[in-house]
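Novice: predicted model, plus sequence, below.
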Amino acid sequence: MHSDIIIIGGGPAGYVGAIRGAQLGAKVTLIEKRDIGGTCLNRGCIPTKALFKNADILNTLKHIDDFGISIDNYHIDFKKIMERKDQVVHQLVSGIEKLLKDNKVEIIIGEGSFVDKNTVSVKTAEGVVEVTADNIVIATGSIPTRPNVPGHDLPNVITSDELLELEVLPKSLAIAGSGVIGLEFASIFNSMGTEVTVISSTLLKRVDMEIQKRLPSILKKQGLNILKDSRVQKIDKDGDDLVITALDKKKGKEVEVRAEYLLMATGRSPYYGNLNLDVTGVDYSSKGIVVDEQFKTNIEGIYAVGDAIGGLMLAHVASHEAMDAVETILGKNPHTNYKVVPDCVFIHPEVSTVGMTEEEATEAGIEFISSKFLFVANGKSLSMGNTDGFLKVLADKESKKILGVHIMGPHASDLIHEGALAINNNLDVGAIIHTIHAHPTLAEAFSEAANGIIDMAIHLSPKKK
């Protein structure tokens, strides 16, 4: 079988690239060894967001009296919660499969491995199939990493994949890692009544420092136990519980945590499986496949995108990389700006960021002004009963161009895109200020913060001089 383009991996990079190639008239073969949609749709972004909605409802129920509504009691049907999660995933995956079919993408379910730089052998349930193409895109994604500490292979030491398949709500859950994955699961299971302990070296290290400092106290009020500056040293089994020994690096002492399960959420690494990359001569390491700015590897006709190349392991980045790689193959000239990437964390309150942090601007020697608006002063936020957090705008001191936007608060993941659009188009704060924002909306916080850069904010007290 011969195609114009072979794409190995059917996740948010692979299936998006396949559809884009088909739109441009190419004959595309998509190879996926497990599930169309990859980790994101099946075991990551989508199932966790389905569960996040449950957490959102439960957090509202905990304060339902504030809205003048009384509920004598309610109970959590964990089995039904997980069934709903599965239904959401199934509906989306089915939709993507239909889109691929409608775009006449050839789908092969099986594990692919290189025979040479133009040939991929695929082990399917029916046997081995060989496909050839002048151009091949590697989009094999990533897998969870497990720190090699004593006891890491004990039963109930799990990754996010296994956590999403639990049939009984855990009574207690320890989480090693306080990045996006760790905190999202911590927020979800804490809301459902699980006793959650987060063993954290650095809380959300990619986000604005002010958010890093303010967030722990908010999470602790919600019942989360956070061990800061700590790392797991060993894991033991004691009856039905795991006993996790963590080292507090600042205090220099060990702390023991007992939990039914331990989630290893310490990161992900590029996945190559049985791809047999060595036969192609492609340059790669444990950190990712090496590519240039057009996602070309060192071997002509072979491209790599998404988590397989390391860097920012985000589904939306992977999708754009795949589209750009396919467009390059087909003679187009894509120009996505990969310096402007919105990053979102689905916890309570939500966190999102785009562009430079204050720390990055200082390190780059850029003089800047920052202005923030608290959600407690926003009418929509007050009416929703979600007032924790703020929206911060960072702008160049002289030109007033927007450098960064950082949000901790309600619907932060939706609000961040006005900031992304502004930074991507080199807009100054005037572009925000002179655009009418509807009232009452959360987006008004963006307008107020932008106005604060030039001391024009109406609902902010004047800065003390």
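Specialist: Happy to help now that I have it.

Novice: contacts and neighbour counts: CA atoms only from here.
Specialist: Noted.

Novice: can you give me the buried ones in the helix or strand harbouring V317?
Specialist: If you go by DSSP states H and E, V317 is part of helix 315-329. The neighbour-count check on helix 315-329 (16 or more other Cα atoms under 10 Å) flags 315, 317-327, 329 as buried.

Novice: what mean pLDDT does it have?
Specialist: Average pLDDT, helix 315-329: 97.

Novice: moving C-terminal from it, which element do we reach first?
Specialist: Taking DSSP H and E, what comes next after helix 315-329 is strand 343-345.

Novice: tell me which residues in the helix or strand following that following strand are buried?
Specialist: Using DSSP H and E, the helix or strand that follows strand 343-345 towards the C-terminus is strand 350-355. If you call a residue buried by 16+ other Cα under 10 Å, then strand 350-355 has these buried ones: E350, V351, S352, T353, V354, G355.

Novice: hmm, back to that, which one of the buried residues of helix 315-329 is nearest D283?
Specialist: A325 (17.4 Å; Cα to Cα).

Novice: what sits against the closest one?
Specialist: Residues in contact with A325 (Cα atoms under 8 Å, 6 or more residues apart in numbering) are G17, V137, Q294, F295, K296, Y303, V305.

Novice: so which of these sit within strands?
Specialist: Using DSSP state E, the members of the contacts of A325 that fall in strands are V137, Y303.

Novice: the contacts of A325 into JSON lines, with extra columns for neighbour count?
Specialist: Shown next, in JSON lines, are the contacts of A325 (neighbours: other Cα atoms under 10 Å):
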{"residue": "G17", "neighbour count": "30"}
{"residue": "V137", "neighbour count": "27"}
{"residue": "Q294", "neighbour count": "19"}
{"residue": "F295", "neighbour count": "23"}
{"residue": "K296", "neighbour count": "20"}
{"residue": "Y303", "neighbour count": "27"}
{"residue": "V305", "neighbour count": "32"}
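
Novice: mind checking which of the contacts of A325 are in helices?
Specialist: G17 (DSSP state H).

Novice: quick one: the helix or strand encompassing I235 to chain centroid distance?
Specialist: In this structure, I235 sits in strand 230-238 according to DSSP H and E. Here strand 230-238 is found 27 Å from its chain centre; the criterion is Cα atoms, centre = their mean, to the nearest Å.

Novice: name every strand pairing with that strand and say which way it goes.
Specialist: Strands adjacent to strand 230-238 in the sheet, as given by DSSP bridges, are strand 241-248 (antiparallel).

Novice: what about the nearest residue to L164 once chain neighbours are set aside, how many residues close to it?
Specialist: Nearest-residue entry for L164: R43, 7.0 Å, with adjacent residues in sequence omitted and distances by Cα to Cα, 6 or more residues apart in numbering. Counted with other Cα atoms under 10 Å, residues neighbouring R43 total 20.

Novice: hmm, R43 is touching D161, no?
Specialist: Yes: counting by Cα atoms under 8 Å, R43 touches D161, with 5.8 Å between them.

Novice: list the contacts for I108?
Specialist: T29, L30, I31, E32, V122, T124.

Novice: so where do the strands sit in the stretch 351-465 of the chain?
Specialist: Per DSSP state E, counting those that start in this stretch, the stretch 351-465 of the chain has strands spanning 368-374, 390-396, 402-409. These are given in chain order.

Novice: can you check the stretch 51-200 of the chain too?
Specialist: Using DSSP E, counting those that start in this stretch, the strands of the stretch 51-200 of the chain run over 106-109, 111-116, 119-124, 127-138, 142-144, 157-158, 172-176, 195-199.

Novice: Q91: which of these is closest?
Specialist: Here strand 106-109 is closest among the strands of the stretch 51-200 of the chain (Cα to Cα), at 18.5 Å.

Novice: please name the nearest non-neighbouring residue to G281.
Specialist: I299 (6.9 Å).
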